[in-house]
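K.L.:
using only what follows, build the 3D model:
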Amino acid sequence: MKKIELKDDGYCFACGKMNNYGLKLEFIIEGEKTVSIFIPQKIHQGFKDIVHGGIISTILDEAMMKAALSRGIRVVTAEMVVRFKSPLFVGDKAFIEAEINNIGKRLIETSARIRKNDNSVIAEAKGKLLRNA
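P.N.:
Presented below is the predicted three-dimensional model:
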């Protein structure tokens, strides 16, 4: 894959502060993990009061990307597998964490999960990120 110039103009749907329709996720580093909190609103639902799976997938993708970026590794998502375990409801606080599992020459293997307040898993993902350097 040819290198792509990756610019942040503040409009990323997942983390952009300028995007009025975005999720505005903020991530911090805690040890080896990249973490965030998200409280979904009505606009994030699929079925009534249940957060859309695409929003959950977006959050997991962003978390894995941030795990790589936190180590200074510029990447794009090459592959992601998501497993949904329980619904996330509108208004419920979701705890997000991601980590790097393996750093290869071209691919970075990552994983992420979203948990409820009681620590039960809402969804988890495994990703392969392609270096963009």
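
K.L.:
all helices for the chain, in order.
P.N.:
Remark: helices assigned in the chain by DSSP state H are 53-69.

K.L.:
doesn't residue 35 make contact with residue 95?
P.N.:
Yes: assessed by Cβ atoms under 8 Å, residue 95 is found in contact with residue 35 at 7.2 Å. All C-beta spots, glycine's among them, are computed from the backbone N, C-alpha and C.

K.L.:
who has more neighbours out of the two?
P.N.:
Remark: of residue 95 and residue 35, residue 35 carries more neighbours, 18 against 15, as counted by other Cβ atoms under 10 Å.

K.L.:
tell me how far the more buried one lies from residue 29.
P.N.:
Distance, residue 35 to residue 29, using Cβ to Cβ, to the nearest Å: 8 Å.

K.L.:
what of residue 38?
P.N.:
Distance check for residue 38 against residue 29: by Cβ to Cβ, it reads 17 Å.

K.L.:
so the two - more neighbours on which side?
P.N.:
For residue 38 versus residue 29, neighbours defined as other Cβ under 10 Å are more numerous around residue 38 (24 against 12).
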